[in-house]
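In: give me the fold of what follows.
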Amino acid sequence: MTKVADNNLEVTVQRVIPAACDAVFDGWLDPEVPGNPWNFAEEFSLDARPRGLFYFRARDKHHYGRFLKLERPNCIQHTWVSANTLGEESLVSVTFEKEGEETLMTLVHSGIPDTERGRRHENGWSFFLEEFAREVVMAQAGRTR
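Out: The predicted structure is shown next:
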């Protein structure tokens, strides 16, 4: 976690995913794919297009935002608002870079308040990317959870 100006934090999490960029990009936005944030939602709405909105509730925690950029298969950028951002918009950028037959997925979440709740984003995003990578490996092997 990096502390940046104005008492805000930036979290960067990376994982190598054993699949092509377009498959990883699509999987990250598909609520049916285990491991991404949308799949953990108990209630959600997802309009994955520029200016499209999303909302999800998981474990009585509400998250919402708007998509700013979707450039398949390389980049997804959206705002992120939750109680852990103190109701303020923060920015999530996810990039997908080809590395041979695999994809380097990098998630950068910036504009997070430097509070105990704000610092929880590092563990949260690490959890999601680890689960997502594990699910992709299992799918490649033809197994399901």
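In: which strands and helices sit next to the lengthiest helix in the chain?
Out: Using DSSP state H, we find that the single longest helix of the chain is helix 116-140. Other helices and strands packing on helix 116-140, by 3 or more CB pairs under 8 Å, 6 or more residues apart in numbering; DSSP states H and E, are strand 8-17, helix 21-29, strand 102-113. (C-beta placed from N, C-alpha, C; glycine too.)
In: can you list the buried residues in the second one?
Out: It stands for helix 21-29. Residues of helix 21-29 classed as buried: C21, A23, V24, F25, G27, W28, L29 (neighbour count, 16 or more other CB atoms under 10 Å).
In: quick one on the thing from earlier: give me the contact list for the longest helix of the chain.
Out: Defining contact as CB atoms under 8 Å, 6 or more residues apart in numbering, one finds that helix 116-140 is touched by 1, 9, 11, 13-19, 23-24, 27-28, 33-37, 40, 83-86, 105, 107, 109, 112, 144-145.
In: can you list the low-confidence ranges for the chain?
Out: Judged by pLDDT under 70, the chain has its weakly predicted residues at 1, 143-145.
In: and the contacts of stretch 45-58?
Out: In contact with stretch 45-58 (CB under 8 Å, 6+ apart) are residues 29, 31, 37-38, 40-44, 62-70, 78.
In: now, these that are in strands?
Out: E43, F44, H62, H63, Y64, G65, R66, F67, L68, K69, L70, H78 (DSSP state E).
In: quick check: the two most widely separated of these?
Out: Across the ones in strands among the contacts of stretch 45-58, the longest distance by CB to CB is 25.5 Å; it joins E43 and K69.
In: quick one on the thing from earlier: can I get the helices and strands packed on helix 116-140 in CSV with distance to S126?
Out: Formatted as CSV, these follow (distance: least, CB to CB, whole Å):
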stretch, distance to S126
strand 8-17, 5
helix 21-29, 15
strand 102-113, 9
